[in-house]
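In: A predicted structure for the sequence below; I have some questions about it.
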Amino acid sequence: MDRLLILSVFVVASCGLAYELIAGALASYLLGDSILQFSSIIGAYLFAMGIGSHLSQYVKDDDTLARFIDIELLVGLIGGVAATVLFLVFSWLATPFRTVLYALVVIIGILVGMEIPLVMRVLNQRQAEFRELVSRVLTFDYLGALAVSLLFPLVLAPKLGLARTGFLFGICNVAVAIWTAHHFRHALPGYRAQLSRALVVLALLIGGFFAADHLVQWSEKGIFGDDIIHAETTPYQRLVVTRWHDDLRLHINGNLQFSSRDEHRYHEALVHPVMATLPWARRVLVLGGGDGLAARELLKYPQIESVTLVDLDPAMTKLFSTAPALTALNQGSLKDKRVHVVNDDAGRWLEQNDEVFDAVIIDFPDPSNFALGKLYSVPMYRLLKRHVAESGLVVVQSTSPYFAPQSFWSINATLKEAGFNNTWPYHTYVPSFGEWGFIIAGARYTPPTAIPVPTRYLDAGAIKLMFDFPPDMQPSKVEPNRLNTQSLVHYFEQDWRNVQR
């Protein structure tokens, strides 16, 4: 059995799965990270592979080798450029993005579906025993899939980014075409022509690999509009910081997290309604809040002895600890000796830690996917309750009670289900986001009549208005967010779909 072709099976299997993972990850970044994106792309991709396997039977036996090489060049070219093309389409031609996405997924899937049947036919023509042939081909096919499924999230996506990863695997497909053509050159009538085509495609992909970052930044400029001063793909998310005049903005996976022009409204509303009523509080836990802005507000209170900040992504806390423009915004809070930064999953950290805190500030991103939804779940809040002092308070950023009312009141219901029997929902207006909501939970609470530290926006009058909900933001009957159903994520997707209509 020809070892070269068996090695080709390993490479093409790796490339085939890589293109599927890139499409799913990119769709999640740009359209929202949900089961719908990954499941629909996987389904379309596997269906297209079935079509490709069926079409492979129409390739004539004496033409099998040449067509396999042609398909490798097509897969390498289309799969290699797909991520970059999708970034550009989303940036500058947002309307047909889904059409282009699924068209590319289907085309790549059809071509990938033809690869293994053609390899098996080539090997069969070389008089390999069929039982051994099927065994070895499928073994290396599955090994290739395993290799890329581990490398993609741990190394490739965070180190290279989606666009450059696509080009890298495109280069691998073309390399398979070149070494196959060279190895069988005496049995390949059009060897020189195919080699020339392969070298042209290889040159394009190598050029794309080195230009990928510039192309993605250009596309992101189309998405965000402002100048990009920092862009980074981490193992957990895509971080982009933009600047327009004096306005700094953080985007995570394409979603705005704050604008420096009005973030003080959000963070003052998040922190001070709780802290102004706890003059005895010494130890505070912040879950999320890797930008250090909630910590900045906490450190205004002279009695605070320690702030433990738990954020999953070390790239996030490093960025906001070192970038001058960002440390100026958070006033160096993450470097303050009273702040202890922990990079870990919040749920795992709570399970492994037995500390009790006087106040807990929860500043997670919105529950737009199931990974984030679990952080707003009944088990999570029950676990959290063990870490709150008897007279302590918890405050949760809870999306918008106006734009996402089901989501907001589901978080309230979840806190109650988890044993926080007393909750105090409130809201404020943040120009970058509109009406935004928060929920305080604990044994007892009375809104403060004064704020004992300097603020730019919040005062006693503003706080009083926060706890008054007008008729169009009244509670709705919704389910708490349990892990087995994650109703909150479904509410969130439904709420924001309604806004976009």
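Out: Now that the structure is in, tell me what you want to look at. Numbers count the residues shown, from 1 in each chain.

In: and the strands in the stretch 151-300 of the chain?
Out: In the stretch 151-300 of the chain, the strands defined using DSSP state E, counting those that start in this stretch lie at 227-233, 238-244, 247-252, 255-259, 283-288.

In: could you point out which of the ones you listed sits nearest G442?
Out: The closest of those to G442 is strand 283-288. By CB to CB, the value is 13.5 Å. C-betas here are computed from N, CA, C, even on glycine.

In: what about that closest one, average pLDDT?
Out: The predicted model assigns strand 283-288 a mean pLDDT of 97.

In: what does it contact?
Out: Applying CB atoms under 8 Å, 6 or more residues apart in numbering, the external contacts of strand 283-288 come out as 275, 294-295, 298, 304-311, 346, 355-365, 375, 387.

In: those in strands, which ones?
Out: Under the assignment DSSP state E, the contacts of strand 283-288 contribute S306, V307, T308, L309, V310, F357, D358, A359, V360, I361, I362, D363 to strands.

In: can I get those residues in JSON lines including distance to S400, pLDDT and neighbour count?
Out: Formatted as JSON lines, the ones in strands among the contacts of strand 283-288 follow (distance: CB to CB, whole Å; pLDDT from 0 to 100; neighbours: other CB atoms under 10 Å):
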{"residue": "S306", "distance to S400": "32", "pLDDT": "97", "neighbour count": "14"}
{"residue": "V307", "distance to S400": "27", "pLDDT": "98", "neighbour count": "26"}
{"residue": "T308", "distance to S400": "28", "pLDDT": "98", "neighbour count": "21"}
{"residue": "L309", "distance to S400": "25", "pLDDT": "98", "neighbour count": "25"}
{"residue": "V310", "distance to S400": "25", "pLDDT": "97", "neighbour count": "23"}
{"residue": "F357", "distance to S400": "27", "pLDDT": "98", "neighbour count": "22"}
{"residue": "D358", "distance to S400": "28", "pLDDT": "97", "neighbour count": "21"}
{"residue": "A359", "distance to S400": "24", "pLDDT": "97", "neighbour count": "26"}
{"residue": "V360", "distance to S400": "22", "pLDDT": "98", "neighbour count": "24"}
{"residue": "I361", "distance to S400": "19", "pLDDT": "98", "neighbour count": "28"}
{"residue": "I362", "distance to S400": "16", "pLDDT": "98", "neighbour count": "26"}
{"residue": "D363", "distance to S400": "15", "pLDDT": "96", "neighbour count": "24"}
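
In: you'd agree Y426 is in a strand?
Out: Yes - if the criterion is DSSP: H, G, I helix; E, B strand; the rest coil, then Y426 is within a strand.

In: deepest-packed of the strands of the stretch 151-300 of the chain, please.
Out: Neighbour counts (mean count of other CB atoms under 10 Å) averaged over each of the strands of the stretch 151-300 of the chain peak at strand 283-288, with a mean of 24.

In: next, the angle strand 357-363 makes with that one.
Out: Interaxial angle of strand 283-288 relative to strand 357-363 (axes from the mean of the first three to the mean of the last three CA atoms, to 10 degrees): 20 degrees.

In: so how far is strand 283-288 off the chain centroid?
Out: With CA atoms, centre = their mean, to the nearest Å as the basis, strand 283-288 stands 23 Å off its chain's centre.

In: so where's the stretch 1-150 of the chain shaky on pLDDT?
Out: 1-5, 32-34, 93-95, 123-134, 136-137 (pLDDT under 70).

In: mind putting the strands of the stretch 151-300 of the chain into TSV with distance to V201?
Out: Below are the strands of the stretch 151-300 of the chain laid out as TSV (distance: least, CB to CB, whole Å):
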stretch	distance to V201
strand 227-233	26
strand 238-244	28
strand 247-252	34
strand 255-259	36
strand 283-288	45
